[in-house]
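Enquirer: please work out how this folds:
(4 chains)
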2 protein chains.
Amino acid sequence: MPVRHIYTPMKIAEKHRAARQYILEAARPLIGQRGFSAVGLAQILDVAGIPKGSFYHYFESKEAFGEALLQTYIDDYLIKMDDILGNDDENAAQRITRYCQFWRDTHIEGQIGNKCLIVKLAAEVSDLSERMRAILDVGTRTVIDRISAVIASGQEDGSIGSTQPAPMLAASLYQLWLGSTLMVKITHSSPPFDHAWEASRRLLEI
Amino acid sequence: MPVRHIYTPMKIAEKHRAARQYILEAARPLIGQRGFSAVGLAQILDVAGIPKGSFYHYFESKEAFGEALLQTYIDDYLIKMDDILGNDDENAAQRITRYCQFWRDTHIEGQIGNKCLIVKLAAEVSDLSERMRAILDVGTRTVIDRISAVIASGQEDGSIGSTQPAPMLAASLYQLWLGSTLMVKITHSSPPFDHAWEASRRLLEI
DNA sequence: TTCATAAAAAGACGACTGGTCTAATTTTTA
DNA sequence: TAAAAATTAGACCAGTCGTCTTTTTATGAA
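Expert: Just a heads-up that it's a prediction; the model follows:
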(Lines give C-alpha, C1' and ligand atoms only; values in the text may rest on other atoms or scores of the structure.)
Protein backbone atom coordinates (compact mmCIF):
# COMPACT_ATOMS: atom_id res chain seq x y z
CA MET A 1 0.00 0.00 0.00
CA PRO A 2 1.44 3.37 -0.95
CA VAL A 3 2.29 5.89 1.70
CA ARG A 4 -0.46 8.42 1.92
CA HIS A 5 -1.18 11.32 4.13
CA ILE A 6 -3.67 10.92 6.87
CA TYR A 7 -6.43 13.04 5.46
CA THR A 8 -9.31 12.50 7.79
CA PRO A 9 -11.65 10.27 5.78
CA MET A 10 -14.11 10.25 8.61
CA LYS A 11 -16.85 12.19 6.92
CA ILE A 12 -17.21 9.87 3.97
CA ALA A 13 -16.82 6.67 5.89
CA GLU A 14 -19.24 8.01 8.46
CA LYS A 15 -21.87 8.91 5.90
CA HIS A 16 -21.50 5.52 4.32
CA ARG A 17 -22.00 3.79 7.62
CA ALA A 18 -24.98 6.00 8.40
CA ALA A 19 -26.66 5.25 5.09
CA ARG A 20 -26.15 1.54 5.62
CA GLN A 21 -27.76 1.93 9.00
CA TYR A 22 -30.70 3.86 7.53
CA ILE A 23 -31.36 1.04 5.11
CA LEU A 24 -31.22 -1.59 7.83
CA GLU A 25 -33.50 0.41 10.09
CA ALA A 26 -35.99 1.07 7.32
CA ALA A 27 -36.04 -2.60 6.40
CA ARG A 28 -36.61 -4.05 9.83
CA PRO A 29 -40.29 -3.18 10.24
CA LEU A 30 -41.06 -3.90 6.60
CA ILE A 31 -39.45 -7.31 6.60
CA GLY A 32 -40.65 -7.94 10.13
CA GLN A 33 -44.17 -7.68 8.85
CA ARG A 34 -44.05 -9.10 5.35
CA GLY A 35 -41.05 -11.37 5.30
CA PHE A 36 -37.73 -11.31 3.53
CA SER A 37 -38.60 -12.46 0.03
CA ALA A 38 -41.83 -10.54 -0.14
CA VAL A 39 -40.26 -7.14 0.38
CA GLY A 40 -38.38 -5.66 -2.55
CA LEU A 41 -35.24 -3.60 -2.37
CA ALA A 42 -37.01 -0.71 -4.07
CA GLN A 43 -39.49 -0.35 -1.27
CA ILE A 44 -36.86 -0.57 1.45
CA LEU A 45 -34.69 2.04 -0.22
CA ASP A 46 -37.70 4.23 -0.82
CA VAL A 47 -38.55 4.24 2.87
CA ALA A 48 -34.90 4.76 3.79
CA GLY A 49 -34.67 7.67 1.40
CA ILE A 50 -31.77 6.11 -0.43
CA PRO A 51 -31.83 5.83 -4.21
CA LYS A 52 -32.23 2.39 -5.68
CA GLY A 53 -29.03 2.57 -7.63
CA SER A 54 -26.95 3.10 -4.55
CA PHE A 55 -27.90 -0.15 -2.92
CA TYR A 56 -24.92 -2.09 -4.15
CA HIS A 57 -22.57 0.45 -2.66
CA TYR A 58 -23.76 -0.66 0.74
CA PHE A 59 -24.46 -4.35 0.28
CA GLU A 60 -23.10 -6.95 -2.03
CA SER A 61 -26.47 -8.53 -2.68
CA LYS A 62 -29.90 -8.88 -1.18
CA GLU A 63 -28.72 -11.93 0.67
CA ALA A 64 -25.71 -10.12 2.13
CA PHE A 65 -28.12 -7.41 3.18
CA GLY A 66 -30.33 -10.02 4.80
CA GLU A 67 -27.35 -11.33 6.73
CA ALA A 68 -26.55 -7.84 7.99
CA LEU A 69 -30.18 -7.30 8.89
CA LEU A 70 -30.32 -10.45 10.98
CA GLN A 71 -26.96 -9.83 12.57
CA THR A 72 -27.77 -6.28 13.66
CA TYR A 73 -31.15 -7.41 14.91
CA ILE A 74 -29.54 -10.10 17.01
CA ASP A 75 -26.84 -7.77 18.27
CA ASP A 76 -29.47 -5.25 19.36
CA TYR A 77 -31.53 -8.02 20.90
CA LEU A 78 -28.62 -9.30 22.95
CA ILE A 79 -28.00 -5.83 24.32
CA LYS A 80 -31.61 -5.58 25.43
CA MET A 81 -31.34 -9.06 26.89
CA ASP A 82 -28.30 -8.13 28.91
CA ASP A 83 -30.16 -5.09 30.12
CA ILE A 84 -33.04 -7.23 31.37
CA LEU A 85 -31.17 -10.25 32.63
CA GLY A 86 -28.23 -8.37 34.08
CA ASN A 87 -30.12 -6.60 36.83
CA ASP A 88 -28.28 -7.77 39.92
CA ASP A 89 -30.84 -6.48 42.40
CA GLU A 90 -33.15 -9.33 41.46
CA ASN A 91 -32.81 -13.05 41.88
CA ALA A 92 -32.71 -15.33 38.87
CA ALA A 93 -36.39 -16.22 38.94
CA GLN A 94 -37.32 -12.56 38.90
CA ARG A 95 -34.99 -11.89 36.01
CA ILE A 96 -36.46 -14.72 33.98
CA THR A 97 -39.91 -13.39 34.79
CA ARG A 98 -38.95 -9.98 33.50
CA TYR A 99 -37.56 -11.50 30.33
CA CYS A 100 -40.80 -13.38 29.70
CA GLN A 101 -42.72 -10.17 30.31
CA PHE A 102 -40.45 -8.38 27.86
CA TRP A 103 -41.11 -11.08 25.30
CA ARG A 104 -44.87 -10.60 25.74
CA ASP A 105 -44.64 -6.84 25.48
CA THR A 106 -42.70 -7.11 22.24
CA HIS A 107 -45.57 -8.92 20.60
CA ILE A 108 -48.62 -7.14 21.91
CA GLU A 109 -51.22 -6.38 19.33
CA GLY A 110 -50.80 -3.03 17.66
CA GLN A 111 -47.03 -3.31 17.57
CA ILE A 112 -46.31 -3.92 13.95
CA GLY A 113 -42.71 -3.12 13.23
CA ASN A 114 -40.86 -4.21 16.31
CA LYS A 115 -41.73 -7.85 16.55
CA CYS A 116 -39.19 -10.62 16.71
CA LEU A 117 -37.42 -11.10 13.41
CA ILE A 118 -36.32 -14.56 14.46
CA VAL A 119 -39.89 -15.78 14.78
CA LYS A 120 -40.86 -14.10 11.54
CA LEU A 121 -37.95 -15.26 9.43
CA ALA A 122 -36.80 -18.58 10.89
CA ALA A 123 -38.98 -20.81 8.74
CA GLU A 124 -38.60 -18.73 5.60
CA VAL A 125 -34.90 -18.07 5.73
CA SER A 126 -33.60 -21.40 6.96
CA ASP A 127 -34.51 -23.04 3.67
CA LEU A 128 -33.57 -20.01 1.59
CA SER A 129 -30.07 -19.01 2.59
CA GLU A 130 -27.49 -21.13 4.32
CA ARG A 131 -25.64 -18.06 5.53
CA MET A 132 -28.71 -16.44 7.00
CA ARG A 133 -29.58 -19.72 8.66
CA ALA A 134 -26.11 -19.87 10.19
CA ILE A 135 -26.58 -16.40 11.66
CA LEU A 136 -29.87 -17.45 13.20
CA ASP A 137 -28.19 -20.60 14.47
CA VAL A 138 -25.41 -18.75 16.27
CA GLY A 139 -27.80 -16.03 17.41
CA THR A 140 -30.34 -18.36 18.99
CA ARG A 141 -27.56 -20.40 20.51
CA THR A 142 -26.25 -17.25 22.18
CA VAL A 143 -29.67 -16.25 23.43
CA ILE A 144 -30.24 -19.70 24.88
CA ASP A 145 -26.81 -19.64 26.51
CA ARG A 146 -27.68 -16.43 28.34
CA ILE A 147 -30.97 -17.85 29.52
CA SER A 148 -29.11 -20.95 30.59
CA ALA A 149 -26.67 -18.90 32.65
CA VAL A 150 -29.50 -17.20 34.49
CA ILE A 151 -31.19 -20.51 35.15
CA ALA A 152 -27.96 -21.97 36.49
CA SER A 153 -27.58 -19.04 38.86
CA GLY A 154 -31.21 -19.52 39.90
CA GLN A 155 -30.50 -23.12 40.71
CA GLU A 156 -27.70 -21.91 42.96
CA ASP A 157 -29.53 -19.08 44.65
CA GLY A 158 -32.51 -21.37 45.15
CA SER A 159 -35.04 -19.26 43.26
CA ILE A 160 -35.37 -21.98 40.63
CA GLY A 161 -36.36 -25.37 41.90
CA SER A 162 -35.78 -27.62 38.93
CA THR A 163 -32.59 -29.64 39.02
CA GLN A 164 -32.68 -30.36 35.32
CA PRO A 165 -29.56 -29.31 33.41
CA ALA A 166 -29.77 -25.57 32.81
CA PRO A 167 -28.92 -25.72 29.09
CA MET A 168 -31.75 -28.13 28.52
CA LEU A 169 -34.23 -26.07 30.49
CA ALA A 170 -33.13 -22.96 28.62
CA ALA A 171 -33.59 -24.62 25.25
CA SER A 172 -37.03 -25.88 26.24
CA LEU A 173 -38.10 -22.48 27.43
CA TYR A 174 -36.88 -20.76 24.31
CA GLN A 175 -38.68 -23.25 22.09
CA LEU A 176 -41.82 -22.89 24.13
CA TRP A 177 -41.88 -19.13 23.72
CA LEU A 178 -40.95 -19.34 20.07
CA GLY A 179 -43.94 -21.59 19.50
CA SER A 180 -46.24 -19.48 21.60
CA THR A 181 -45.33 -16.45 19.53
CA LEU A 182 -46.24 -18.36 16.40
CA MET A 183 -49.57 -19.23 17.99
CA VAL A 184 -50.16 -15.60 18.94
CA LYS A 185 -49.62 -14.71 15.31
CA ILE A 186 -52.04 -17.39 14.19
CA THR A 187 -54.77 -16.79 16.75
CA HIS A 188 -54.44 -13.03 17.12
CA SER A 189 -54.85 -13.55 20.83
CA SER A 190 -52.66 -13.63 23.91
CA PRO A 191 -53.61 -16.85 25.73
CA PRO A 192 -50.68 -18.70 24.10
CA PHE A 193 -48.41 -16.44 26.11
CA ASP A 194 -50.33 -17.26 29.27
CA HIS A 195 -49.88 -20.94 28.56
CA ALA A 196 -46.20 -20.47 27.84
CA TRP A 197 -45.75 -18.62 31.09
CA GLU A 198 -47.59 -21.23 33.11
CA ALA A 199 -45.58 -24.01 31.50
CA SER A 200 -42.39 -22.06 32.12
CA ARG A 201 -43.18 -21.81 35.79
CA ARG A 202 -43.78 -25.52 35.99
CA LEU A 203 -40.64 -26.43 34.11
CA LEU A 204 -38.48 -24.16 36.21
CA GLU A 205 -40.41 -24.89 39.40
CA ILE A 206 -40.73 -21.27 40.40
CA MET B 1 -78.71 -17.72 -18.51
CA PRO B 2 -80.62 -20.05 -20.85
CA VAL B 3 -82.41 -23.13 -19.61
CA ARG B 4 -80.25 -26.17 -20.13
CA HIS B 5 -80.80 -29.87 -19.90
CA ILE B 6 -79.21 -31.93 -17.21
CA TYR B 7 -76.51 -33.56 -19.25
CA THR B 8 -74.55 -35.81 -16.90
CA PRO B 9 -71.66 -33.57 -15.99
CA MET B 10 -69.96 -36.27 -13.96
CA LYS B 11 -66.99 -36.83 -16.19
CA ILE B 12 -66.20 -33.17 -16.50
CA ALA B 13 -66.73 -32.43 -12.86
CA GLU B 14 -64.55 -35.38 -12.02
CA LYS B 15 -61.75 -34.25 -14.27
CA HIS B 16 -62.05 -30.79 -12.86
CA ARG B 17 -61.76 -32.07 -9.32
CA ALA B 18 -58.82 -34.27 -10.25
CA ALA B 19 -56.92 -31.39 -11.84
CA ARG B 20 -57.52 -29.27 -8.77
CA GLN B 21 -56.12 -32.08 -6.70
CA TYR B 22 -53.08 -32.42 -8.93
CA ILE B 23 -52.31 -28.75 -8.46
CA LEU B 24 -52.65 -28.96 -4.71
CA GLU B 25 -50.48 -32.06 -4.52
CA ALA B 26 -47.81 -30.59 -6.73
CA ALA B 27 -47.75 -27.42 -4.67
CA ARG B 28 -47.43 -28.96 -1.24
CA PRO B 29 -43.76 -29.96 -1.39
CA LEU B 30 -42.78 -26.84 -3.31
CA ILE B 31 -44.45 -24.46 -0.90
CA GLY B 32 -43.47 -26.61 2.04
CA GLN B 33 -39.88 -25.97 1.17
CA ARG B 34 -39.80 -22.45 -0.20
CA GLY B 35 -42.84 -20.77 1.24
CA PHE B 36 -46.06 -19.41 -0.20
CA SER B 37 -44.99 -16.12 -1.71
CA ALA B 38 -41.70 -17.41 -3.03
CA VAL B 39 -43.25 -20.08 -5.22
CA GLY B 40 -44.89 -18.92 -8.41
CA LEU B 41 -47.99 -20.35 -9.97
CA ALA B 42 -46.07 -21.10 -13.16
CA GLN B 43 -43.79 -23.52 -11.36
CA ILE B 44 -46.60 -25.21 -9.51
CA LEU B 45 -48.64 -25.68 -12.66
CA ASP B 46 -45.58 -26.84 -14.53
CA VAL B 47 -44.97 -29.58 -11.98
CA ALA B 48 -48.66 -30.47 -11.96
CA GLY B 49 -48.73 -30.67 -15.74
CA ILE B 50 -51.56 -28.17 -15.99
CA PRO B 51 -51.35 -25.22 -18.39
CA LYS B 52 -50.74 -21.92 -16.75
CA GLY B 53 -53.74 -20.31 -18.35
CA SER B 54 -56.04 -22.83 -16.75
CA PHE B 55 -55.27 -21.87 -13.20
CA TYR B 56 -58.24 -19.59 -12.75
CA HIS B 57 -60.63 -22.35 -13.71
CA TYR B 58 -59.62 -24.17 -10.57
CA PHE B 59 -58.97 -21.35 -8.13
CA GLU B 60 -60.25 -17.84 -7.88
CA SER B 61 -56.86 -16.43 -7.01
CA LYS B 62 -53.54 -17.41 -5.57
CA GLU B 63 -54.88 -16.62 -2.15
CA ALA B 64 -57.94 -18.83 -2.62
CA PHE B 65 -55.56 -21.53 -3.77
CA GLY B 66 -53.49 -21.00 -0.62
CA GLU B 67 -56.60 -21.42 1.48
CA ALA B 68 -57.40 -24.70 -0.22
CA LEU B 69 -53.81 -25.84 0.18
CA LEU B 70 -53.86 -25.20 3.91
CA GLN B 71 -57.30 -26.70 4.37
CA THR B 72 -56.48 -29.92 2.58
CA TYR B 73 -53.19 -30.17 4.44
CA ILE B 74 -54.97 -29.79 7.76
CA ASP B 75 -57.69 -32.24 6.80
CA ASP B 76 -55.08 -34.83 5.86
CA TYR B 77 -53.16 -34.10 9.03
CA LEU B 78 -56.19 -34.62 11.23
CA ILE B 79 -56.82 -37.98 9.63
CA LYS B 80 -53.26 -39.07 10.41
CA MET B 81 -53.68 -37.71 13.92
CA ASP B 82 -56.80 -39.74 14.48
CA ASP B 83 -54.95 -42.76 13.22
CA ILE B 84 -52.18 -42.25 15.76
CA LEU B 85 -54.17 -41.04 18.74
CA GLY B 86 -57.14 -43.31 18.22
CA ASN B 87 -55.37 -46.58 18.93
CA ASP B 88 -57.40 -47.96 21.80
CA ASP B 89 -54.91 -50.70 22.72
CA GLU B 90 -52.63 -48.10 24.23
CA ASN B 91 -53.06 -45.83 27.20
CA ALA B 92 -53.05 -42.08 26.78
CA ALA B 93 -49.40 -41.60 27.66
CA GLN B 94 -48.40 -44.13 25.03
CA ARG B 95 -50.57 -42.44 22.45
CA ILE B 96 -49.03 -39.04 23.17
CA THR B 97 -45.62 -40.63 22.93
CA ARG B 98 -46.45 -42.04 19.54
CA TYR B 99 -47.70 -38.67 18.37
CA CYS B 100 -44.47 -36.99 19.46
CA GLN B 101 -42.52 -39.69 17.66
CA PHE B 102 -44.62 -39.10 14.58
CA TRP B 103 -43.88 -35.39 14.78
CA ARG B 104 -40.15 -36.13 14.95
CA ASP B 105 -40.29 -38.54 12.03
CA THR B 106 -42.06 -35.97 9.90
CA HIS B 107 -39.14 -33.60 10.24
CA ILE B 108 -36.13 -35.86 10.00
CA GLU B 109 -33.38 -34.57 7.80
CA GLY B 110 -33.66 -35.69 4.22
CA GLN B 111 -37.41 -35.33 4.15
CA ILE B 112 -37.96 -32.27 2.05
CA GLY B 113 -41.47 -32.20 0.79
CA ASN B 114 -43.52 -33.62 3.60
CA LYS B 115 -42.74 -31.33 6.46
CA CYS B 116 -45.35 -29.46 8.44
CA LEU B 117 -46.94 -26.70 6.41
CA ILE B 118 -48.17 -25.06 9.59
CA VAL B 119 -44.64 -24.53 10.88
CA LYS B 120 -43.45 -23.37 7.50
CA LEU B 121 -46.26 -20.98 6.73
CA ALA B 122 -47.57 -19.71 10.06
CA ALA B 123 -45.32 -16.68 10.33
CA GLU B 124 -45.47 -15.83 6.66
CA VAL B 125 -49.14 -16.27 6.06
CA SER B 126 -50.59 -14.84 9.25
CA ASP B 127 -49.56 -11.36 8.23
CA LEU B 128 -50.30 -11.89 4.56
CA SER B 129 -53.83 -13.22 4.35
CA GLU B 130 -56.53 -12.94 6.93
CA ARG B 131 -58.38 -15.89 5.44
CA MET B 132 -55.37 -18.16 5.44
CA ARG B 133 -54.67 -17.11 9.01
CA ALA B 134 -58.21 -18.04 9.98
CA ILE B 135 -57.76 -21.50 8.49
CA LEU B 136 -54.58 -21.99 10.50
CA ASP B 137 -56.41 -20.69 13.55
CA VAL B 138 -59.23 -23.20 13.30
CA GLY B 139 -56.86 -25.96 12.26
CA THR B 140 -54.46 -25.58 15.16
CA ARG B 141 -57.36 -25.20 17.53
CA THR B 142 -58.69 -28.54 16.32
CA VAL B 143 -55.31 -30.22 16.65
CA ILE B 144 -54.89 -28.89 20.17
CA ASP B 145 -58.39 -30.03 21.07
CA ARG B 146 -57.56 -33.58 20.06
CA ILE B 147 -54.36 -33.54 22.07
CA SER B 148 -56.34 -32.13 24.95
CA ALA B 149 -58.82 -34.99 24.77
CA VAL B 150 -56.06 -37.56 24.96
CA ILE B 151 -54.48 -35.77 27.89
CA ALA B 152 -57.81 -35.68 29.70
CA SER B 153 -58.24 -39.40 29.21
CA GLY B 154 -54.69 -39.91 30.44
CA GLN B 155 -55.51 -38.00 33.59
CA GLU B 156 -58.40 -40.37 34.11
CA ASP B 157 -56.58 -43.60 33.32
CA GLY B 158 -53.68 -42.44 35.47
CA SER B 159 -51.02 -42.60 32.78
CA ILE B 160 -50.62 -38.83 32.94
CA GLY B 161 -49.77 -37.42 36.35
CA SER B 162 -50.25 -33.72 35.87
CA THR B 163 -53.50 -32.30 37.23
CA GLN B 164 -53.22 -29.13 35.20
CA PRO B 165 -56.22 -28.40 32.95
CA ALA B 166 -55.91 -30.57 29.87
CA PRO B 167 -56.56 -27.76 27.36
CA MET B 168 -53.76 -25.74 28.86
CA LEU B 169 -51.34 -28.65 28.85
CA ALA B 170 -52.27 -29.43 25.27
CA ALA B 171 -51.68 -25.85 24.17
CA SER B 172 -48.32 -25.77 25.93
CA LEU B 173 -47.22 -29.01 24.35
CA TYR B 174 -48.23 -27.92 20.89
CA GLN B 175 -46.39 -24.63 21.27
CA LEU B 176 -43.34 -26.42 22.56
CA TRP B 177 -43.20 -28.73 19.57
CA LEU B 178 -43.93 -25.92 17.16
CA GLY B 179 -40.98 -24.02 18.56
CA SER B 180 -38.73 -27.04 18.59
CA THR B 181 -39.47 -27.62 14.92
CA LEU B 182 -38.43 -24.05 14.19
CA MET B 183 -35.22 -24.67 16.10
CA VAL B 184 -34.58 -27.88 14.16
CA LYS B 185 -34.93 -25.86 10.99
CA ILE B 186 -32.50 -23.25 12.27
CA THR B 187 -29.90 -25.58 13.76
CA HIS B 188 -30.17 -28.42 11.28
CA SER B 189 -29.96 -30.76 14.22
CA SER B 190 -32.31 -32.88 16.26
CA PRO B 191 -31.55 -31.99 19.92
CA PRO B 192 -34.42 -29.49 19.98
CA PHE B 193 -36.74 -32.44 19.60
CA ASP B 194 -35.01 -34.22 22.47
CA HIS B 195 -35.50 -31.14 24.62
CA ALA B 196 -39.11 -30.87 23.60
CA TRP B 197 -39.69 -34.48 24.47
CA GLU B 198 -38.01 -34.18 27.85
CA ALA B 199 -40.00 -31.05 28.65
CA SER B 200 -43.18 -32.77 27.50
CA ARG B 201 -42.57 -35.63 29.90
CA ARG B 202 -42.06 -33.20 32.75
CA LEU B 203 -45.12 -31.15 31.94
CA LEU B 204 -47.34 -34.20 31.63
CA GLU B 205 -45.60 -36.04 34.44
CA ILE B 206 -45.25 -39.28 32.57
C1' DT C 1 -8.78 29.37 -3.62
C1' DT C 2 -8.70 26.52 -7.61
C1' DC C 3 -8.36 22.47 -10.01
C1' DA C 4 -7.53 17.50 -11.08
C1' DT C 5 -8.82 13.28 -9.40
C1' DA C 6 -11.18 9.87 -7.09
C1' DA C 7 -15.36 8.28 -4.72
C1' DA C 8 -20.26 7.92 -4.45
C1' DA C 9 -25.03 8.66 -5.90
C1' DA C 10 -28.48 8.61 -9.32
C1' DG C 11 -31.69 6.42 -11.91
C1' DA C 12 -32.42 4.27 -16.26
C1' DC C 13 -32.10 -0.27 -18.01
C1' DG C 14 -32.16 -5.43 -18.84
C1' DA C 15 -33.73 -9.74 -18.27
C1' DC C 16 -36.86 -11.99 -15.84
C1' DT C 17 -40.99 -13.49 -12.94
C1' DG C 18 -45.28 -12.33 -10.55
C1' DG C 19 -50.51 -12.92 -10.74
C1' DT C 20 -54.33 -11.93 -13.75
C1' DC C 21 -57.36 -11.60 -17.83
C1' DT C 22 -59.03 -11.79 -22.48
C1' DA C 23 -59.38 -13.92 -26.82
C1' DA C 24 -59.01 -18.06 -29.26
C1' DT C 25 -59.25 -23.01 -29.29
C1' DT C 26 -60.88 -27.38 -28.11
C1' DT C 27 -64.27 -30.29 -26.25
C1' DT C 28 -68.82 -31.48 -25.11
C1' DT C 29 -73.78 -31.37 -25.66
C1' DA C 30 -78.11 -31.00 -28.09
C1' DT D 1 -73.78 -30.32 -37.40
C1' DA D 2 -74.59 -26.16 -34.64
C1' DA D 3 -74.52 -24.15 -30.09
C1' DA D 4 -72.59 -23.96 -25.73
C1' DA D 5 -69.33 -24.79 -22.41
C1' DA D 6 -64.86 -25.78 -20.85
C1' DT D 7 -60.18 -25.18 -21.49
C1' DT D 8 -55.90 -23.02 -22.97
C1' DA D 9 -52.49 -19.96 -25.01
C1' DG D 10 -50.54 -15.91 -24.78
C1' DA D 11 -50.50 -11.11 -23.72
C1' DC D 12 -50.34 -7.87 -20.02
C1' DC D 13 -48.32 -4.79 -16.73
C1' DA D 14 -46.41 -4.31 -12.47
C1' DG D 15 -42.89 -5.86 -9.97
C1' DT D 16 -38.23 -8.40 -8.98
C1' DC D 17 -32.95 -8.16 -8.54
C1' DG D 18 -28.87 -6.67 -10.27
C1' DT D 19 -25.93 -3.81 -13.64
C1' DC D 20 -24.26 0.08 -15.97
C1' DT D 21 -23.26 4.70 -17.37
C1' DT D 22 -23.76 9.40 -16.29
C1' DT D 23 -23.79 12.95 -13.04
C1' DT D 24 -22.70 14.82 -8.69
C1' DT D 25 -19.94 15.29 -4.71
C1' DA D 26 -15.93 15.16 -1.96
C1' DT D 27 -10.96 15.28 -1.55
C1' DG D 28 -5.88 16.71 -1.52
C1' DA D 29 -2.41 19.25 -3.87
C1' DA D 30 -0.84 23.34 -6.10
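
Enquirer: what's the weakest-modelled helix or strand in chain A?
Expert: Using mean pLDDT, DSSP states H and E, the weakest-scoring helix or strand in chain A turns out to be helix A:10-34, at a mean of 81.

Enquirer: what's the first helix or strand after that helix?
Expert: Using DSSP states H and E, the helix or strand that follows helix A:10-34 towards the C-terminus is helix A:41-48.

Enquirer: that following helix vs DNA strand D: in contact?
Expert: Yes. With Cβ under 7 Å from any atom of the strand as the criterion, DNA strand D is reached by helix A:41-48 at A:Leu41, A:Ala42, A:Gln43. All C-beta spots, glycine's among them, are computed from the backbone N, C-alpha and C.

Enquirer: buried ones in that helix, by neighbour count?
Expert: A:Leu41, A:Gln43, A:Ile44, A:Leu45, A:Val47, A:Ala48 (16 or more other Cβ atoms under 10 Å in any protein chain shown).

Enquirer: ok, the nearest residue to the third one once chain neighbours are set aside to A:Gln21 distance?
Expert: Distances taken as Cβ to Cβ, 6 or more residues apart in numbering or on different chains put A:Ala27 closest to A:Ile44, at 4.6 Å, once the chain neighbours are dropped. Computed with Cβ to Cβ, to the nearest Å, the distance linking A:Ala27 and A:Gln21 is 11 Å.

Enquirer: who's more crowded, those two?
Expert: Between A:Ala27 and A:Gln21, A:Ala27 has the larger neighbour count (other Cβ atoms under 10 Å in any protein chain shown), namely 24 against 14.

Enquirer: now the residue sitting nearest the centre point of chain A: closest residue in space that isn't a chain neighbour?
Expert: Taking Cα atoms, centre = their mean, the centroid of chain A lies closest to A:Ile74, which sits 4.2 Å from it. Leaving aside its chain neighbours, A:Ile74 sits nearest to A:Gly139 (3.8 Å; criterion: Cβ to Cβ, 6+ apart).

Enquirer: same question for A:Thr181.
Expert: Using Cβ to Cβ, 6+ apart, the closest residue to A:Thr181 is A:Val119 (4.7 Å).

Enquirer: which stretches of chain A form helices?
Expert: Secondary structure of chain A (DSSP state H): helices located at A:10-34, A:41-48, A:55-58, A:62-85, A:92-106, A:117-126, A:130-157, A:166-187, A:191-204.

Enquirer: what lies in contact with the first one?
Expert: To tie it back to what came earlier, the one meant is helix A:10-34. Helix A:10-34 has contacts (Cβ atoms under 8 Å, 6 or more residues apart in numbering or on different chains) with A:39, A:43-45, A:47-50, A:54-55, A:57-59, A:65, A:68-69, A:72-73, A:112-115, A:117, A:120-121, B:127-128.
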